[in-house]
Structure formats: structure tokens, C-alpha cells
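**Student:** A predicted structure for the sequence below; I have some questions about it.
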Amino acid sequence: MKIAILGTGYVGLVTGTCFSEIGHTVTCHDSDETKIDILQSGDLPIYEPHLHDLVRKNRDAGRLFFTKILEDAVEPSEVIFICVGTPPLEDGDVDLTSVEMVSREIARVSHSYKLVVEKSTVPVQTGSWVEKTIKLYGPKGIEFDVASNPEFLREGSAVEDFLHPDRIVIGVQNHRTEEILRELYAPITGRTFNCPIHQDCRRDEGAVPFIVTSISSAELIKHASNSFLATKISFINAVANICERTGANIKDVSYGIGLDRRIGKSFLEAGIGFGGFCFPKDLQAFIRISEKCGYDFRLLKEVERVNHERISQVVEKVKSGLWILREKTIGVLGLAFKPNTDDIRFAPALEIIKRLMKEGASIRAYDPKAMERARTELPEVLYCQDPYEAVRNADAMLVCTEWNEFKELNFERIKGLMRRPFLLDGRNLYDRDTMLRLGFEYIGIGR
Ligand code: UGA
């Protein structure tokens, strides 16, 4: 099938590349010409495991193209995915300008039937606006269908999530649309593609659930999923607060809760809070959407509040160990909002660093992938070439992202390098007793 991807950001690039990997012909467009230049030169504007190899492979195979001309993407394609950015506005609303503009452009350049699929995360009922816009601006006599197909890709494992999803959700208005989307996803739902990343490709797990709903329900599934996951994280962080006050251990508590299959083990890691460009933004948007339809979603407001509180709590913990921060040096390990990505948008680490610097601390930092991006936002930080450099002469070491390489550090060496072996483990990576035995002053989260 021929597909156009409009908006080659994180979601668009992963989606387009993976569709080409399972055999479709995909043309990706972006209004940011620099991004297309980078992609056409064979590079990637973001870091995401496996993506570079797949882009290269599918371009070479003649199944994946990048263009600056929207018409070149839309014209030959039957299915058009809208993957443009939907950034937050000051009041928490979502800025849908790009969705509208791209809908008008699709209408303007189409000369044959198109199925327009919204993949960008949008408020419920955006689908009907897209439809109205296309019908209003499109040529008479050309048929269009509109559908919603929310994405559930986690940064850092997006390729894997695309190829092996828990479910595929489509919101449609008619049978024709459902059939096209079923065919498009058939290699994934039937697990018939050759998996480029796994040897044993979960073929024995049966078909991937393919959920067909109305467009509004599909749109809501996306916001409700992210809000629920954020709620789980704030819940466990609130329980961690109780653990700290009672001497219980959040690791044991999470494990004990998570074994109940109705609750599930994932997203029960207490830490410095959630970040990234999805949870904080989608939570706010869902609160606003609810407000607009007359419901005060106070539960989600509390989820946000608990998450904001994490930052102050970490800063207080550093101060509880170091007392005055002026003229103290803190070595920060991890800047990205989570491991396996270079994304620092709404990363808790950056917020914490800003607060520590405001109180006079000097920051040395290391992250395997995110330093280049962080440098633009926090030029005052001293960026180091490895974790050991970051803790040299430091009065404290603060772990903000659970990169695998931080799990296997040489702590004898670290202790020797630090001015004072004070370790704040913001992601509960280390065993407390081992750290105490090694002579560290150790503070974790919720234990
Ligand atoms: C999230 C969702 O997990 C995806 O399903 C969704 O498609 C995506 O948003 C999106 O809307 O585009 P992502 O933001 O990449 O994906 O990252 P997550 O793995 O969900 O983590 C989000 C934040 O929660 C991170 O800062 C992470 O450190 C934090 N987290 C996660 C915790 O603090 N504790 C946990 O137990 C899990």
C-alpha cells in the first residue's frame, strides 16, 4: 500500500519507517526543511534504538522516501497519516494549528480518494474538525474518509512497540476505512513480517488485538491511557512518601502490589517523577478537555500536583545531606527524561538542576545521549565525558535517569573521586546495604 506521513517528528518517523519495514511504500514529509535535509543525507534528527538501521535499509530497498514537497507525499498515496506536532498552549489546551493546516493542504492537493488518519495525539472530537476542514477545502467530487489511529509508542522502545503492540486501536466511520486499515496492519496483527530486531518473534502469542471503535472513542483511549499510566506513577510516588515516613521499603511494596494481575507490575517504579513530551502534556490536555465538557477531573489535577512535588522533594533531600548548596558541587548522572533516548523535554533532571543551581550549586553532568540537547538549555552546566568525570570532587552524586551503564559503575573508584561520598539515588538503582558497606551516605526514594 502507498502511504504518506505528514510530520516526520518522533511519531511520524517511527511510524513511516516501520510501515516501510513491513512492506508498504512510504513517503514522509515535514515542513521543517532542515529535518528533511538530515534524513535525506542518511542521518537521523533523533536518537531511537534500531531506527537508524531500519531507515537505511528501507531507503536502500526503495520503500521509504523523504520529501519537502507535501504534494509529492500525498499525490501517490491512498492513506495519509497526520503525525504533526500538537504542542501545549499556556492554558493546557492543545495547539491544533498544524493539524488544521495540514488538513487544508491535503484537501488542496488531492485528486483521488484519500483515507486521512490522525495519529497525532489530539483532543476528542478533533476527527470531526479534520473531516469538516477537508470537505470544506477539498475539490468537489473527490471522496475522503477520516479515521483515528492513536499511537502507543514509548521513546526508547518505539520500534519494538510499533512492531509488537499490545493492541491496535482504530476509530472509523465506515466499513471501507476499517478494511483499509486492517490490510495495512495485517503483517503486524498476524505477526507475519520478518522481525528485524528479534530472533524469536512472539509468533506463538497469537494475533494482536485490533480494536475498532468510533473516532471519538479512539481519541479518548489515547488520552485516558496516558493519564492512567501517569496516575499509576504518581500513586506509587505518593506511597513512597509514606514508606519514607514509616520505614517501609517501596521496592517491596511495589512488588507486592504489582503481582496482583489486576494491578500489574509495570509503571510502579517510584522515582523523581514522570517527564517527557507526552505524560505532562497529555495529562494537562485531558484535564482541559474534561473541563470543557463540564467535568472537573480533580483526580488528574492531583496526579499532576504529586508529580510537581517530586522535584522539590529531591532538592530537599540534597539539602538534607549537604545543608548549604552554595559552593557545593553536584555530579548528576542522567539528563534524558528516561533511558535510551536523547529527549530532555520536561525531563525532571533538568528541573532539578535548575533548582540546585539557583541555590548556588555547581553542576557537573553526564548522560550517554542527551548532553548535546541539554547544553543548549543549560549552558552553565559542566558536561563530562563519563560518569567518573561527572563525580570528580563532587559533594554529592545524584542519579536522575536509569541508564543501564549506571547500573554497573565502579563504586570504589567513584568514592575515591568524590569530595564526599553522598549518593542520592533518584531511580532506586542501587542496593542500599551494598552502598553503605562501601562507605557511601545513601538516600534512595521511598526506602
Ligand atoms: C508514553 C507512553 O508510555 C506511550 O504508550 C505513549 O505512546 C507515549 O507516552 C506518547 O503519548 O507518545 P514515553 O513518554 O515515551 O511514552 O515514556 P514512558 O516510558 O511512558 O515514561 C514516561 C515517564 O514516566 C518517564 O519520565 C519515566 O521515567 C516515568 N516513569 C515510568 C516512572 O517514573 N515510573 C515508572 O514506573 C514508569
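**Tutor:** Received it, and whenever you're ready, just let me know what you need. Residues are numbered from 1 along each chain as shown.
**Student:** and the stretch 151-300 of the chain, which residues reach the ligand?
**Tutor:** Of all the residues in the stretch 151-300 of the chain, those in contact range of the ligand (Cβ under 6 Å from any ligand atom) are 151-155, 226, 229, 233, 267-269, 271, 274-276, 278-279, 282. C-beta coordinates here come from the backbone N, C-alpha and C atoms, glycine included.
**Student:** 8 Å instead, please
**Tutor:** Proximity of the stretch 151-300 of the chain to the ligand, by Cβ under 8 Å from any ligand atom, involves residues 151-158, 161, 222, 225-226, 229-230, 232-233, 236-237, 266-279, 282.
**Student:** go on, the stretch 301-447 of the chain?
**Tutor:** Phe337, Lys338, Thr341, Asp343, Ala347, Pro348, Thr401, Glu402, Arg427.
**Student:** let me know how buried the last one is, in neighbour terms.
**Tutor:** Looking back up the chat, that one is Arg427. Neighbourhood size, Arg427 [other Cβ atoms under 10 Å]: 22.
**Student:** now do the fourth one
**Tutor:** Asp343 has 24 neighbours, counted by other Cβ under 10 Å.
**Student:** tell me which element it is part of?
**Tutor:** Under the criterion DSSP states H and E, no helix or strand holds Asp343.
**Student:** test my guess that it contacts Phe337.
**Tutor:** Yes - assessed by Cβ atoms under 8 Å, Asp343 is found in contact with Phe337 at 5.9 Å.
**Student:** anything in contact with each of the two?
**Tutor:** Overlap of the contact sets of Asp343 and Phe337 (by Cβ atoms under 8 Å, 6 or more residues apart in numbering) consists of Gly276.
**Student:** domain ranges for this protein, per the record?
**Tutor:** As given by automatic domain parsing, the domain ranges for the chain are 2-213, 228-443.
**Student:** turn the ones you listed into a markdown table, columns for mean pLDDT.
**Tutor:** Formatted as a markdown table, the domains of the chain follow (pLDDT from 0 to 100):
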| stretch | mean pLDDT |
| --- | --- |
| domain 2-213 | 95 |
| domain 228-443 | 97 |
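**Student:** which one is Arg203 nearest to, not counting chain neighbours?
**Tutor:** Among residues not flanking Arg203 along the chain, Arg191 sits closest, at 5.1 Å (Cβ to Cβ, 6 or more residues apart in numbering).
**Student:** now the strands for the stretch 251-400 of the chain?
**Tutor:** Ranges of strands in the stretch 251-400 of the chain, per DSSP state E, counting those that start in this stretch, are 329-333, 362-366, 382-383, 396-399.
**Student:** export those strands to JSON lines and tack on mean neighbour count?
**Tutor:** Output for these, formatted as JSON lines (neighbours: other Cβ atoms under 10 Å):
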{"stretch": "strand 329-333", "mean neighbour count": "27"}
{"stretch": "strand 362-366", "mean neighbour count": "22"}
{"stretch": "strand 382-383", "mean neighbour count": "16"}
{"stretch": "strand 396-399", "mean neighbour count": "27"}
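**Student:** can you lay out these as CSV showing distance to Ile353?
**Tutor:** Formatted as CSV, those follow (distance: least, Cβ to Cβ, whole Å):
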stretch, distance to Ile353
strand 329-333, 6
strand 362-366, 5
strand 382-383, 11
strand 396-399, 9
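**Student:** wait, the residue nearest to Arg203 sits on Asp200?
**Tutor:** No - applying Cβ under 8 Å as the test, Arg191 and Asp200 come out as separate, 11.4 Å apart.
**Student:** looking at the two, which one has more neighbours?
**Tutor:** With neighbours defined as other Cβ under 10 Å, Arg191 and Asp200 compare such that Arg191 has more, 17 against 7.
**Student:** against Val55, how distant is Val94?
**Tutor:** Val94 sits 28 Å away from Val55, going by Cβ to Cβ, to the nearest Å.
**Student:** dump the residue contacts of Thr192.
**Tutor:** Ala186.
**Student:** helix/strand/coil for the residue nearest to Leu181 when sequence neighbours are not counted?
**Tutor:** Distances taken as Cβ to Cβ, 6+ apart place Ile170 nearest to Leu181, at 4.9 Å, with adjacent residues excluded. Using DSSP: H, G, I helix; E, B strand; the rest coil, the structure places Ile170 in strand.
**Student:** Ile170: neighbour count?
**Tutor:** 22.
**Student:** just the helices in the stretch 301-447 of the chain please.
**Tutor:** Assigned by DSSP state H, counting those that start in this stretch, the helices in the stretch 301-447 of the chain fall at 348-358, 371-377, 387-391, 411-417, 432-437.
**Student:** any chance of TSV for these, columns mean neighbour count?
**Tutor:** Formatted as TSV, those follow (neighbours: other Cβ under 10 Å):
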stretch	mean neighbour count
helix 348-358	21
helix 371-377	15
helix 387-391	22
helix 411-417	16
helix 432-437	13
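**Student:** CSV please, covering the ones you listed and showing distance to Gly294.
**Tutor:** Putting the helices of the stretch 301-447 of the chain into CSV (distance: least, Cβ to Cβ, whole Å) gives the following:
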stretch, distance to Gly294
helix 348-358, 33
helix 371-377, 38
helix 387-391, 50
helix 411-417, 55
helix 432-437, 48
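**Student:** of the ones you listed, which is nearest Val146?
**Tutor:** For Val146, the closest of those is helix 371-377, at 34.8 Å, according to Cβ to Cβ.
**Student:** summarise which helices and strands that closest one is packed against.
**Tutor:** Counting contacts by 3 or more Cβ pairs under 8 Å, 6 or more residues apart in numbering; DSSP states H and E, helix 371-377 is packed against strand 382-383.
**Student:** ok, the strand it packs on: who's next to it in the sheet?
**Tutor:** The strands beside strand 382-383 in its sheet (DSSP bridges) come out as strand 362-366 (parallel).
**Student:** what lies in contact with the partner strand?
**Tutor:** Residues contacting strand 362-366 (Cβ under 8 Å, 6+ apart): 327-335, 353, 356-357, 371, 374, 378, 380-387, 389-392, 394.
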